[in-house]
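**Student:** sharing a model prediction with you, sequence too.
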Amino acid sequence: MLQLMLHSHPRIAVAPETRFILPAYWNRLSFGDLTDPANRRALGEALVAGGNFGVLGLDPRATVEAIVDGPATFGSAIGIVLRSYAERFGKPRWGEKRPGYYRYIDVVMRLFPDAQIVYIARDPRDCAASLKRMPWWNRESYHSVLAWGQSVDLTAKAARRWPVITLQYERLVADPEHELKALCAALGEDYDPAMSAPEELGPSVLPDRVWHRSTRGNPPTTSRIGQWQGKLEPWEVALCETVLGGRMQRFGYELTGAGRPAAVHLANYAYVYATRTQHRRLELLRDRWRRRSEPNPIAAALTSAQRAAAIRS
């Protein structure tokens, strides 16, 4: 919904989840020195063959050629893809939506040092209930509860260093115009009324997938607030409120007083927490090691702000 709202702005295009940016980033050393056009071509071909490139509606061959002709940085190649998507709609600003970026804000800012991060929070009980309905979500609620807590913590940490704009789902659907005006002000743009009617663009922008159908053709509604009631097990509600209670209250989410879940559920959550935390630490260590071997700058050099940041660094 928020992606569509931003995409409805006459100057902003926000692509659907591409899912090729992070895999290519982890594998970036394999493309070698990008001052060699052949290596830029190999990178471009990998990007257009990866993830959900097809949802962007771009010509793969033209995209590869634009990357070959572009600046010799990894971020520039990614930026050229997203810029080309924006050019499809005649818009100068571009971005991408992917919830999982909360774990990799440092990577996003390495690639695009002039980026603005937009983070939207929602009641974690509604998030957990929503994920249980998704055909692609095959994990227990321990993972969705932990993901919500991590998203809050990591985004707050990032906001101390980079420009992060935070919204709340419940306020956005209750008063889209007010919240979107504030968002536009933070982005340095004028509000456009089309942003409050994202359903007008939904069918032409979002892929026709089951989990998009409530957004593709329907206006913002408050009817989905509190839908967790009757859809979460009592232990899931208790787990949310036990491990996330303080953070929930900071966002104004009222607790039910469900009490503590059974010890087995707390133990399972602790195991998931430890496992995912260790995985993140190893991921960060591996990336830190890779950074020592990068043959080129990483940051995009497509805008004046990006080029200025490259000079400062």
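**Tutor:** Done, it's in.
**Student:** tell me what the lengthiest helix in the chain is packed against?
**Tutor:** Ranked by residue count, the top helix of the chain under DSSP state H comes out as helix 263-291. Contact analysis of helix 263-291 by 3 or more Cβ pairs under 8 Å, 6 or more residues apart in numbering; DSSP states H and E lists helix 141-159, helix 234-250 as its packing neighbours. For every residue, glycine as well, the C-beta is placed using N, CA and C.
**Student:** buried stuff in stretch 21-35?
**Tutor:** I21, L22, A24, Y25, R28, F31, L34 (16 or more other Cβ atoms under 10 Å).
**Student:** quick one: the residues you listed as CSV, columns for distance to V68, pLDDT and secondary structure too.
**Tutor:** Listed next are these as CSV, based on distance: Cβ to Cβ, whole Å; pLDDT from 0 to 100; DSSP: H, G, I helix; E, B strand; the rest coil:
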residue, distance to V68, pLDDT, secondary structure
I21, 19, 94, helix
L22, 22, 95, helix
A24, 16, 96, helix
Y25, 19, 97, helix
R28, 17, 97, helix
F31, 12, 98, helix
L34, 10, 98, coil
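**Student:** elements contacting the next helix or strand along the chain from the longest helix of the chain?
**Tutor:** As assigned by DSSP states H and E, the chain's next helix or strand after helix 263-291 is helix 304-312. Applying 3+ Cβ pairs under 8 Å, 6+ apart, one finds that helix 304-312 contacts no other helix or strand.
**Student:** buried residues in helix 304-312, which are they?
**Tutor:** Q306, R307, A309, A310.
**Student:** circling back to that earlier point, and the longest helix of the chain, which residues are buried?
**Tutor:** In helix 263-291, counting by 16+ other Cβ under 10 Å, buried: H265, L266, N268, Y269, V272, Y273, R276, D287.
**Student:** coming back round to it: so for the buried residues of helix 304-312, which is the shakiest by pLDDT?
**Tutor:** Minimum pLDDT across the buried residues of helix 304-312 is recorded for A310, with 79.
**Student:** okay, now the unreliable bits of the protein?
**Tutor:** 202-204, 206-217, 313 (pLDDT under 70).
**Student:** how about 50 then?
**Tutor:** Scanning the chain for pLDDT under 50 picks out the ranges 210-211.
**Student:** do you know how far the spatially most central residue of it is from V14?
**Tutor:** In the chain, the centroid-proximal residue (Cα atoms, centre = their mean) is R98; its distance is 2.8 Å. According to Cβ to Cβ, to the nearest Å, R98 stands 10 Å off from V14.
**Student:** S293 now?
**Tutor:** Relative to V14, S293 is positioned 33 Å away (Cβ to Cβ).
**Student:** looking at those two, which is more packed in?
**Tutor:** V14 (23 against 8; other Cβ atoms under 10 Å).
**Student:** hey, what's the more buried one bridged with?
**Tutor:** G95 (DSSP bridges).
**Student:** and it, what does it touch?
**Tutor:** Q3, L6, H7, W94, G95, E96, K97 (Cβ atoms under 8 Å, 6 or more residues apart in numbering).
**Student:** W235 now?
**Tutor:** By Cβ under 8 Å, 6+ apart, the neighbours of W235 are P261, A262, H265.
**Student:** got it, and E236?
**Tutor:** Listed by Cβ under 8 Å, 6+ apart, the contact set of E236 reads R125, A128, S141, V145.
**Student:** if we go to 6 Å?
**Tutor:** By Cβ atoms under 6 Å, 6 or more residues apart in numbering, the contact set of E236 is S141.
**Student:** roughly how far does it sit from L2?
**Tutor:** Distance from E236 to L2, by Cβ to Cβ: 25 Å.
**Student:** turn the buried residues of stretch 21-35 into CSV, including distance to V173.
**Tutor:** As requested, the buried residues of stretch 21-35 are exported to CSV (distance: Cβ to Cβ, whole Å):
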residue, distance to V173
I21, 28
L22, 29
A24, 34
Y25, 33
R28, 38
F31, 42
L34, 43
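**Student:** wouldn't I165 be in contact with A121 here?
**Tutor:** No: taking contacts as Cβ atoms under 6 Å, I165 lies outside contact range of A121: 11.6 Å.
**Student:** possible to save the helices and strands packed on helix 263-291 as a markdown table with distance to D114?
**Tutor:** Shown next, in a markdown table, are the helices and strands packed on helix 263-291 (distance: least, Cβ to Cβ, whole Å):
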| stretch | distance to D114 |
| --- | --- |
| helix 141-159 | 15 |
| helix 234-250 | 29 |
